[in-house]
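*Asks:* this one's structure only:
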């Protein structure tokens, strides 16, 4: 499937926003951006759209000899393979940096390693917290667990799921979160009645992403692509929505409005994937696609530095603190990306040699 330049650019921008927020909040007295919890919903929405797209292609072929269970396992296996080895390399670096910062002895390191297995095995969002050294990876866990449940349902019901069941799931979950705990989506590890808030968010936003797939399909097939004026208007609407969302991240003090901005983000993602706007053509280049891919490593490699550096930086100025933090986060992300690509090439070369 061809990459989408607008989505890739927004992935990078929001990963950078989350990086700056966590660093400034944990390491300084001056927080950049008001709150970025709702930014993660973008990644869930995109994951839901891509899952629905995959299901649509498979349903069009209708392989009669493959069970939905086998297909779901195959889908999840493919997702996990694309997450690796970046995920585990980043986790090992986070674990090592945290243990060194805490001056842990051999016994403590072994014990913490065992307690960290749930996070290492993508289980954090289930509530099996154990030893958490890379807090940002809750998103990956929530995505995989939610998809394991939603994929077979979406595969079975197709467009009925996308247009009816999925939006109802999103409405019920967000309505539930709005009336429990603190009424916001912030705090993914918060236990809400029977599960974590992060996992509920995964179910809601991935479902909404499936609905976005159907909406973008309707927009794509509307015939408006042949009307330049409509395309320019759609492009303007797309970036007004993204701009409003980024502005809310910067100054949005009222967390109860999160749910409204999730709907605006849903509309923006639907437009971006519809092919109706001019943005994808303008952003159709390798540099933007690289930024989209790099956003994953940046997401994995920043959170633990915002905790590890709390004690070691001491009383430094805001500029120095953020410069060190950003440099370490970006440097680690580049290292993880390069090492992961090298490991993949080696594995592929060995496989080809054996074939």
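*Replies:* Perfect, thanks for sending it. The structure displayed is predicted, hence computed values, not measured ones.
*Asks:* can you tell me the helix or strand for the residue positioned nearest the centre of the chain?
*Replies:* Among the residues of the chain, residue 43 comes closest to the average C-alpha position under C-alpha atoms, centre = their mean, at 3.5 Å. In the assignment (DSSP states H and E), residue 43 maps to helix 40-61.
*Asks:* list the buried ones in that helix?
*Replies:* For helix 40-61, the neighbour count (16 or more other C-beta atoms under 10 Å) marks 40-56, 58 as buried. Glycine gets a C-beta too; all of them are placed from N, C-alpha and C.
*Asks:* buried residues in stretch 61-75?
*Replies:* Residues of stretch 61-75 classed as buried under the neighbour-count rule (16+ other C-beta under 10 Å) are 71-72, 75.
*Asks:* where does residue 283 fall, phi/psi-wise?
*Replies:* Backbone geometry at residue 283, expressed as degrees, to the nearest 10, gives phi -100, psi 20.
*Asks:* distance of the residue lying closest to it once chain neighbours are set aside from residue 173?
*Replies:* Nearest residue to residue 283 in three dimensions, chain neighbours excluded: residue 5, at 2.8 Å (C-beta to C-beta, 6 or more residues apart in numbering). The gap separating residue 5 from residue 173 is 31 Å, by C-beta to C-beta, to the nearest Å.
*Asks:* try residue 194
*Replies:* For residue 194 relative to residue 173 (C-beta to C-beta), the value is 12 Å.
*Asks:* who's more crowded, these two?
*Replies:* Neighbour comparison, residue 194 and residue 173: the larger count goes to residue 173, with 21 against 8 (by other C-beta atoms under 10 Å).
*Asks:* for the more buried one, helix, strand, or coil?
*Replies:* helix (DSSP: H, G, I helix; E, B strand; the rest coil).
*Asks:* what about residue 243, which helix or strand?
*Replies:* helix 228-251.
*Asks:* mind checking the pLDDT average for that helix?
*Replies:* Averaging pLDDT along helix 228-251 gives 93.
*Asks:* tally of neighbours for residue 186?
*Replies:* With other C-beta under 10 Å as criterion, residue 186 counts 17.
*Asks:* nearest residue to residue 237 other than its sequence neighbours?
*Replies:* For residue 237, the nearest residue in space outside its immediate sequence neighbours is residue 271; the separation is 6.5 Å by C-beta to C-beta, 6+ apart.
*Asks:* quick check, the one you found in contact with residue 212.
*Replies:* No: here residue 271 does not reach residue 212: they are 9.3 Å apart, not a contact under C-beta atoms under 8 Å.
*Asks:* so which of the two has more stuff around it?
*Replies:* Set residue 271 next to residue 212 and count neighbours by other C-beta under 10 Å: residue 212 wins out with 29 against 24.
*Asks:* that one contacts residue 273, correct?
*Replies:* Yes: contact between residue 212 and residue 273 holds when scored by C-beta under 8 Å: they sit 6.9 Å apart.
*Asks:* for those two, list the residues in contact with both.
*Replies:* For the pair residue 212 and residue 273, residues contacting each of them under the criterion C-beta atoms under 8 Å, 6 or more residues apart in numbering are residue 49.
*Asks:* quick one, the helix holding residue 243 and helix 40-61 angle?
*Replies:* Computed with axes from the mean of the first three to the mean of the last three C-alpha atoms, to 10 degrees, the direction of helix 228-251 lies at 140 degrees from that of helix 40-61.
*Asks:* got the angle between the helix or strand following helix 228-251 and helix 40-61?
*Replies:* Scanning forward in sequence from helix 228-251 by DSSP H and E, the next helix or strand is helix 258-274. When the same axes, to 10 degrees is applied, the directions of helix 258-274 and helix 40-61 differ by 40 degrees.
*Asks:* what comes up buried for helix 258-274?
*Replies:* Result for helix 258-274 [16+ other C-beta under 10 Å]: buried residues 258-259, 261-262, 265-266, 268-274.
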